[in-house]
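A.B. asks: give me a 3D structure for the following:
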Amino acid sequence: MMYCISLYFDSNTNEYIQSMIKKCESIKIEDTIPFHITLAASYQNIEWEPDCSSFEIQFVSIACLKNNLCLIPIMNDSLYTICRKAQSSILEKDCHPYYKKGNLFPHLTLIRHLNSNELKEAFDILNKQFVPFRSKVIKISISQTKPYQDLKIYHLD
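C.D. replies: You can find the predicted model right below:
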């Protein structure tokens, strides 16, 4: 089992992203996990409390990461600071390799587990309509995976 620290967004952001994905109607989309950016992941339970307020980030690009289609944000001061604090809450030996210091590449996964044809099709569709947009981070969650479950939720002011 994996434990994660993740950022979650306001309803306007979620609705906008959902409308983007609906344009890929010919592709089977399996996820039911809320849209998020994972900041840290551990093989051990995470004890951590954020000390920040809500903040804005800007998504500026679509990218393909392995067999996933993702949105890429600008790494502003708020995102950088919360990433570092989240990562420092996990012992190096317990940290998933993707989230070790120096490896983190913040992104929001739009569609997962695509074959190469689906990835190309979805990228072409979304890239034609994509324009950079601002998003508000309104909560941070500590969750477990498989099955996904929020263990602690911190609403940001």
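
A.B. asks: when you work out contacts or count neighbours from here on, use the C-alpha atoms and nothing else.
C.D. replies: Noted.

A.B. asks: for the residue nearest the centre of the chain, list each beta-bridge partner.
C.D. replies: Centre of the chain computed as the mean C-alpha position; nearest residue by Cα atoms, centre = their mean is I37, 2.0 Å away. Counting by DSSP bridges, I37 is bridged to L7.

A.B. asks: quick check: it touching Y8?
C.D. replies: Yes - at 7.0 Å, I37 counts as touching Y8 under the criterion of Cα atoms under 8 Å.

A.B. asks: look at S26 and report its pLDDT.
C.D. replies: Note on S26: pLDDT of 77.

A.B. asks: next one: Y80
C.D. replies: 93.

A.B. asks: and the helix or strand where it lies, what other elements does it pack with?
C.D. replies: Per DSSP states H and E, Y80 falls inside helix 77-88. When contacts are defined as 3 or more Cα pairs under 8 Å, 6 or more residues apart in numbering; DSSP states H and E, helix 77-88 sits against strand 37-42.

A.B. asks: and the angle for the strand it packs on with helix 77-88?
C.D. replies: Orientation check (axes from the mean of the first three to the mean of the last three Cα atoms, to 10 degrees): strand 37-42 against helix 77-88 gives 10 degrees.

A.B. asks: what number of residues lie near Y148?
C.D. replies: Y148 has 14 neighbouring residues, counting by other Cα atoms under 10 Å.

A.B. asks: identify the residues contacting it.
C.D. replies: Neighbouring residues of Y148 by Cα atoms under 8 Å, 6 or more residues apart in numbering: I33.

A.B. asks: from C4, how far off is it?
C.D. replies: 10 Å (Cα to Cα, to the nearest Å).
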